[in-house]
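*Asks:* For reference, the sequence and a predicted model appear below.
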Amino acid sequence: VAAICNGGGGASSIMIEKLKEDTKNKLPVVTLYTKDPCSLCDEVKLKLLPYLHRCQLQMVDITKKENIRWLHLYRYEIPVLFVNGKYLCKHSLNEILLERRLCEIEEQS
């Protein structure tokens, strides 16, 4: 919510209220940096299937023009995975680490 009030004296005051986001019911976001073709990425996608009821999968194709930043960072590293913006693993899925991270997030909810 935002409001702008001009009291007539030439000065404006702005009130901005940040709405608290309900994070309790949100699933963690697993971000997979990938491209097509990528056989290692395909393997990771298959291994992620059993976890999809516990997380949201966001795939970022590093070869798309709008993702050039990720191409420079991860060109030789994909697949690269993050959970809620925090690095998890690269080259293959570390299922033990993913399970641990998901459990930690679920315990906090």
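*Replies:* Received the coordinates, thanks. Residues are numbered from 1 along each chain as shown.
*Asks:* residue contacts, the residue nearest to L71 when sequence neighbours are not counted?
*Replies:* Among residues not flanking L71 along the chain, I62 sits closest, at 4.4 Å (C-beta to C-beta, 6 or more residues apart in numbering). Glycine gets a C-beta too; all of them are placed from N, C-alpha and C. For I62, the contacting residues are Y33, T34, K35, W70, L71, Y74, R75, I78, by C-beta atoms under 8 Å, 6 or more residues apart in numbering.
*Asks:* mind running it again at 6 Å?
*Replies:* Y33, K35, W70, L71, Y74 (C-beta atoms under 6 Å, 6 or more residues apart in numbering).
*Asks:* Between those, which sits nearest D42?
*Replies:* Proximity to D42 was ranked across these by C-beta to C-beta; first place goes to K35, at 10.8 Å.
*Asks:* Dihedrals phi and psi, the closest one?
*Replies:* Backbone torsions of K35, given as degrees, to the nearest 10, read phi -160, psi 170.
*Asks:* try V83
*Replies:* phi -120, psi 120.
*Asks:* The one 3 residues further on now?
*Replies:* In terms of degrees, to the nearest 10, the main-chain angles of K86 are phi -110, psi 130.
*Asks:* Repeat that for V30.
*Replies:* Backbone torsions of V30, given as degrees, to the nearest 10, read phi -100, psi 120.
*Asks:* doesn't C55 make contact with it?
*Replies:* Yes. Counting by C-beta atoms under 6 Å, V30 touches C55, with 4.7 Å between them.
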